[in-house]
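Undergrad: output the structure for:
(one chain, ligands or ions: 1)
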Amino acid sequence: MFKFFQEIFNQKMPSGSTCSLPDGIDYHCHILPGVDDGFQDPSKSLEQLRIYEASGIREVWFTPHIMEDIPNEPEDLRRVFEDFKEKYLLDFAQRHPGSQASGAEGAKPSSATDEEPLQLHLAAENMLDALFERRLKAGNLLPLAEKYLLVETSIFAPPMNFRGLLERIRNKGYTPILAHPERYLYMKKEDYEALKAQGILFQRNLYSLRGQYGDRVQKRCRQLLKWQMYDFVGTDLHRLTSAGLNTEG
Ligand SMILES: [Fe+2]
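TA: Okay, here's the model as predicted:
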């Protein structure tokens, strides 16, 4: 369904700018401030979103960690998200007087810009640990676009009965998206193939291809691209970054 890999390099965005994220969508980032090991200062998060706008990105999924070490409650995250979204829309309106986001009524003045604010969404990056098992049972989760769940494992080893757990997620009506499979060097080609055969979707980290996680992950990323296994791309941004958002490679 989401086969983006064919045109990942220098993809032309509708805005006319060149963006490294297919369709101008970031499916994975830690920009929502103060909720995990990602951005802490809301002003830096706003600055990052301004960089996104300038890079041709149009839509951002905030995916804060939920894991035993960072046991965010979905309800708390929703509240922080709504507060921050309001801040962002205010910031955008101040930078674009006359835009719809500024709340001006009636026809746009002739000086009005056609630029629109980023579409912001909330989901989560779920570590497949004991907390996740409890939350899955209770139905206390933050899915991505209602039917997907972004999940991760330790980079050292899979959880016990990994594929069984993925099947239980599917039985609850969600399609698992495995975050950055290129980072799981414990996997072999046949492991990836088994997951794909099980209907698991893969999300590539934008910066894996640039070597951010080392040579071995970079190489694995190239292999997964060659095997055409990726379905989504995300930045997994934790810090203010401008490099590489316009072009990739
Ligand atoms: Fe992440």
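Undergrad: give me the longest helix you can find in this structure.
TA: If you go by DSSP state H, the chain has its longest helix at helix 74-95.
Undergrad: what residues sit buried inside that one?
TA: Pro74, Leu77, Val80, Phe81, Phe84, Lys85, Lys87, Tyr88, Leu89, Asp91, Phe92, Ala93 (16 or more other CB atoms under 10 Å). Heads up, the C-betas are built off the backbone N, CA and C, glycines and all.
Undergrad: which residue is the nearest non-sequential neighbour of Thr175?
TA: Tyr148 (5.2 Å; CB to CB, 6 or more residues apart in numbering).
Undergrad: I meant Arg163, not that one.
TA: Gln198 (6.3 Å).
Undergrad: hang on, that neighbour packs against Gly164?
TA: No: the criterion here is CB atoms under 8 Å, and Gln198 misses it with Gly164 at 10.4 Å.
Undergrad: pick out whichever of these two has more residues nearby.
TA: In this view Gln198 and Gly164 are compared by other CB atoms under 10 Å, and Gln198 has more residues nearby, 12 against 9.
Undergrad: list the contacts for the residue nearest the centre of the chain?
TA: When CA atoms, centre = their mean is applied to the chain, the residue found nearest the centroid is His28 (1.2 Å). Going by CB atoms under 8 Å, 6 or more residues apart in numbering, His28 touches Trp61, Thr63, Glu125, Leu150, Ala179, His180, Gln203, Asn205, Phe232, Gly234, Thr235, Asp236.
Undergrad: check Asp236 too.
TA: Taking CB under 8 Å, 6+ apart, one finds His28, Cys29, His30, Ala179, His180, Asn205, Leu206, Tyr207 in contact with Asp236.
Undergrad: would you mind measuring from the nearest residue to the last one once chain neighbours are set aside to the ion?
TA: For Tyr207, the nearest residue in space outside its immediate sequence neighbours is Gly244; the separation is 6.5 Å by CB to CB, 6+ apart. Remark: distance between Gly244 and the ion (CB to the ion, to the nearest Å) = 16 Å.
Undergrad: tell me, how many residues neighbour Gly244?
TA: Gly244 sits with 16 neighbouring residues when counted by other CB under 10 Å.
Undergrad: quick check: residues of this structure near the ion?
TA: Counting by CB under 5 Å from the ion, the residues of the chain close to the ion are Glu125, Asp236.
Undergrad: now the helices for the chain?
TA: Along the chain, the segments classed as helices by DSSP H run 42-55, 74-95, 130-138, 162-171, 189-197, 215-226.
Undergrad: go through the last one and flag the buried ones.
TA: When burial is assessed from 16+ other CB under 10 Å, helix 215-226 yields the following buried residues: Val217, Gln218, Arg220, Cys221, Leu224, Leu225.
Undergrad: any idea how far the first one lies from the ion?
TA: Think Val217. Val217 is 14 Å from the ion, by CB to the ion.
Undergrad: list the contacts of that residue.
TA: Glu182, Arg183, Leu185, Ser208, Gly211.
Undergrad: the same query, at a cut-off of 6 Å, please.
TA: Glu182, Arg183, Ser208 (CB atoms under 6 Å, 6 or more residues apart in numbering).
Undergrad: now the first one. Nearest residue, chain neighbours left out?
TA: Right, Glu182. Leaving aside its sequence neighbours, Glu182 sits nearest to Cys221 (CB to CB, 6+ apart; 3.9 Å).
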